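S.K.: attaching a predicted model along with its sequence, questions to come.
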Amino acid sequence: MAIRPILEAPDPRLRVISKPVEAIDDGVRTLVADMFETMYDAPGIGLAAVQVGVPQRILVIDLQEEDNEEGKPIRDPRVFINPEILEPAEDRNIYNEGCLSVPDQYAEVDRPASCRARWMDLDGKQHDERIEGMLATCLQHEMDHLEGILFIDHLSRLKRGMILKKLDKLRRAA
């Protein structure tokens with residue numbers, strides 16, 4: 001396992017549309033392990049393969065809900081290979097989103113509150129589930145990456161421009 005560099009906006013590689021995974025082999029397994037290590041190190045709750053420079057339809061998500069008794073995060077790593085959203089809900093949720101490819105920047109994004117999704121796991125098993133709440137928001141956010149879309153693309157041109165300027169200023173100051 002290795003921590004891979006995370007691409008940051010405005011890197012044009014983040015705009016590449018990801019290709020479907022043809023076979024789940026050792027290369028895919030290694031990539032997924034690296035993605036989890038990279039995501040946990042960042043730290044984050046979701047990561048698309050394209051964010052580490054691999055334009056394949058692979059996502060990892062772990063909401064890391066907090067254990068109320070010990071105060072430590074409970075890990076629940078999930079892998080989504082070739083995910084599809086089949087039935088987005090009419091109901092909407094607004095969530096203050098951030099992104100490892102747009103570091104330290106957050107904005108409210110309006111998305112369907114739930115969705116029916118289909119994907120394969122790392123064993124090649126097909127899943128078809130209705131997903132709700134934070135997992136639905138995170139899945140939709142990460143799936144946007146597979147289409148070359150960043151969360152800031154859901155914002156007005158003015159807000160998006162302000163975030164990109166802040167990001168540039170932070171980079172120059174570092």
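M.R.: Sure thing, it's come through. Numbering: from 1, shown residues only.
S.K.: for stretch 111-120, buried residues please.
M.R.: 111-115, 117, 119-120 (16 or more other CB atoms under 10 Å). The C-beta positions use only the backbone N, C-alpha and C, and glycine is treated the same way.
S.K.: widest-spaced pair of these?
M.R.: 113 and 120 (24.6 Å; CB to CB).
S.K.: would you agree residue 58 is in contact with residue 80?
M.R.: Yes. With contacts counted by CB atoms under 8 Å, residue 58 reaches residue 80, the gap being 7.3 Å.
S.K.: more neighbours: those two, which one.
M.R.: residue 58 (29 against 24; other CB atoms under 10 Å).
S.K.: ok, the more buried one to residue 88 distance?
M.R.: 21 Å (CB to CB, to the nearest Å).
S.K.: before we move on, what about residue 8?
M.R.: Taking CB to CB, one finds residue 8 at 28 Å from residue 88.
S.K.: got it, and residue 37?
M.R.: Taken as CB to CB, the span from residue 37 to residue 88 is 31 Å.
S.K.: just residue 78 next, same as before
M.R.: Counting by CB to CB, the gap from residue 78 to residue 88 is 19 Å.
S.K.: what's the answer for residue 133, then?
M.R.: Residue 133 is 14 Å from residue 88, by CB to CB.
S.K.: same check, this time on residue 63
M.R.: Distance from residue 63 to residue 88, counting by CB to CB: 20 Å.
S.K.: and what about the residue nearest the centre of the chain, helix, strand or coil?
M.R.: The C-alpha lying nearest the average C-alpha coordinate of the chain belongs to residue 142 (CA atoms, centre = their mean; 2.9 Å). The local conformation at residue 142, judged by DSSP: H, G, I helix; E, B strand; the rest coil, is helix.
S.K.: okay but it is in contact with residue 45, surely?
M.R.: No. Residue 142 lies out of contact with residue 45 (CB under 8 Å); the separation is 9.4 Å.
S.K.: what's the overlap in contacts for these two?
M.R.: Taking CB atoms under 8 Å, 6 or more residues apart in numbering as the contact rule, the neighbours common to residue 142 and residue 45 are residue 61.
S.K.: helices or strands next to the helix or strand of the chain with the lowest mean pLDDT in the packing?
M.R.: Lowest on mean pLDDT, DSSP states H and E among the helices and strands of the chain sits strand 65-66, with a mean of 76. Applying 3 or more CB pairs under 8 Å, 6 or more residues apart in numbering; DSSP states H and E, we find strand 65-66 packed against strand 73-74.
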